[in-house]
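[1] Structure for the following, please:
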Amino acid sequence: MTTTGEHLLSSVQMAHFVAHGSLRMDAVVPAEMNAEALEAFAAGIPPVPYGTPVPEACPEKSFMRRLVEIPEVAGALRSLVGPDPTIDHHAVHIREPHEGAAQPLHGDAIIDVRTDAFDVQLMYYPQEVTLDMGGTLSVPGSHLRRTNESDTGRYQNLRGQSRLVCPAGTVVFLHHGLWHGGRRNDSGTRRYMFKIRFNPTVRQRRLWDTSDLSDPRVAEELNTGFPWYEQATGRLELYNRVLLWRALTGDDGFDLDYWVTRVSNRPQEVPA
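    Below is the predicted model of the structure:
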């Protein structure tokens with residue numbers, strides 16, 4: 001995979017991803033590829049073994065290769081997981097017309113408790129997704145709250161949740177821990193979504209365009225609150241974001257409102 005610097009994410013965009021657990025790019029896939037995708041997905045895309053390098057998983061000129069090499073997509077992947085990622089797995093998810101059932105709210109592989117690294121899931125929507133088509137439901141800011149995979153499945157709705165409505169060719173990047181689920185399709189149209197999970201092979205540190213690292217909007221993004229957060233426990237989300245941002249930037253002094261600095265204060269000086 002190759003990309004140019006102009007398509008790397010900015011620090012503000014990375015901070016948005018760290019706070020929200022996702023990053024959305026509307027209509028970045030051309031119309032002709034969207035039409036091709038429907039045929040490719042209906043025919044089926046062969047599975048690959050876990051941990052397969054992208055060039056092996058996506059042969060030259062294949063649909064998957066051309067998808068991940070769209071400049072905006074390639075730039076985002078380079079920024080999030082770095083060069084030469086491997087593909088954990090991929091899948092075509094189909095919601096049949098008037099299906100009558102929804103997927104429970106869940107996180108993917110939440111036995112994964114890494115705090116200084118993460119996998120990224122690319123979700124691609126080749127069709128316009130309307131509200132009645134039952135787009136993907138996600139809960140912004142849920143990705144750093146550790147739960148078992150389907151512990152959240154009992155919840156039908158959470159304040160501030162997002163139900164995806166988007167134009168054709170939209171790509172969404174998710175942190176592997178984000179709570180999400182496919183909603184039921186109440187329309188008369190079969191809905192497709194294609195997911196690829198990427199594993200990094202390099203340390204995820206300053207992989208994006210860091211020229212705006214000191215932009216005040218970075219801290220503003222990282223300080224974002226969400227309606228479902230509890231007044232007290234919600235602070236844990238800010239704490240965990242600081243830890244992740246420190247890992248991503250290498251700046252061990254970064255903090256928001258003194259949260260991490262306060263609890264990591266362990267002076268070693270012996271009193272006189």
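[2] And the strands in the stretch 1-150 of the chain, which stretches?
    Along the stretch 1-150 of the chain, counting by DSSP state E, counting those that start in this stretch, strands occupy 22-25, 52-53, 86-95, 120-125, 136-138.
[3] Contact partners for residue 48?
    Neighbouring residues of residue 48 by C-beta atoms under 8 Å, 6 or more residues apart in numbering: 56-57, 87, 89-90. Using the backbone N, CA and C atoms, a C-beta is placed for each residue, glycine as well.
[4] Tabulate the residues you listed (TSV), appending neighbour count.
    Formatted as TSV, these follow (neighbours: other C-beta atoms under 10 Å):
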residue	neighbour count
56	11
57	22
87	22
89	16
90	20
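[5] Farthest-apart pair in those residues, please.
    56 and 89 (13.8 Å; C-beta to C-beta).
[6] Which residue is the nearest non-sequential neighbour of the residue positioned nearest the centre of the chain?
    With distances taken as C-alpha atoms, centre = their mean, residue 174 lies nearest the centre of the chain, 1.2 Å away. In space, and not counting its chain neighbours, residue 174 is closest to residue 121: 4.3 Å by C-beta to C-beta, 6 or more residues apart in numbering.
[7] For the one you found, give its distance to residue 55.
    According to C-beta to C-beta, to the nearest Å, residue 121 and residue 55 sit 20 Å apart.
[8] of the two, who's got more company?
    Neighbour comparison, residue 121 and residue 55: the larger count goes to residue 121, with 21 against 11 (by other C-beta atoms under 10 Å).
[9] The more buried one and residue 197 touch, don't they?
    Yes: between residue 121 and residue 197 there is a contact at 5.0 Å, judged by C-beta atoms under 8 Å.
[10] Pull up the overlap in contacts between those two.
    Contact criterion C-beta under 8 Å, 6+ apart; residues shared by residue 121 and residue 197: 108, 176.
[11] among the strands of the stretch 1-150 of the chain, which is nearest residue 42?
    Closest to residue 42 of the strands of the stretch 1-150 of the chain, according to C-beta to C-beta: strand 86-95, at 8.7 Å.
[12] from the middle of its chain, how far away would the closest one be?
    14 Å (C-alpha atoms, centre = their mean, to the nearest Å).
[13] again with stretch 47-66
    Counting by C-alpha atoms, centre = their mean, stretch 47-66 comes out at 20 Å from the chain centroid.
[14] Need the CA coordinates for that stretch. CSV is fine.
    Provided in CSV are the C-alpha atoms of stretch 47-66 (Å, rounded to 0.1, in the frame of the first residue of the first chain):
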residue,chain,number,x,y,z
PRO,A,47,-11.5,-15.6,2.9
VAL,A,48,-7.9,-15.2,3.9
PRO,A,49,-6.0,-16.7,6.8
TYR,A,50,-5.6,-14.5,9.9
GLY,A,51,-2.6,-12.2,9.7
THR,A,52,-2.3,-12.2,5.9
PRO,A,53,-0.3,-9.2,4.5
VAL,A,54,-2.4,-6.9,2.4
PRO,A,55,-0.6,-7.6,-0.9
GLU,A,56,-1.3,-11.3,-0.4
ALA,A,57,-4.9,-10.9,0.8
CYS,A,58,-5.6,-8.3,-1.9
PRO,A,59,-4.1,-9.4,-5.3
GLU,A,60,-3.1,-6.7,-7.7
LYS,A,61,-6.1,-5.1,-9.5
SER,A,62,-8.6,-7.0,-7.3
PHE,A,63,-11.5,-5.0,-5.9
MET,A,64,-10.2,-5.2,-2.4
ARG,A,65,-6.8,-3.9,-3.4
ARG,A,66,-8.3,-1.0,-5.3
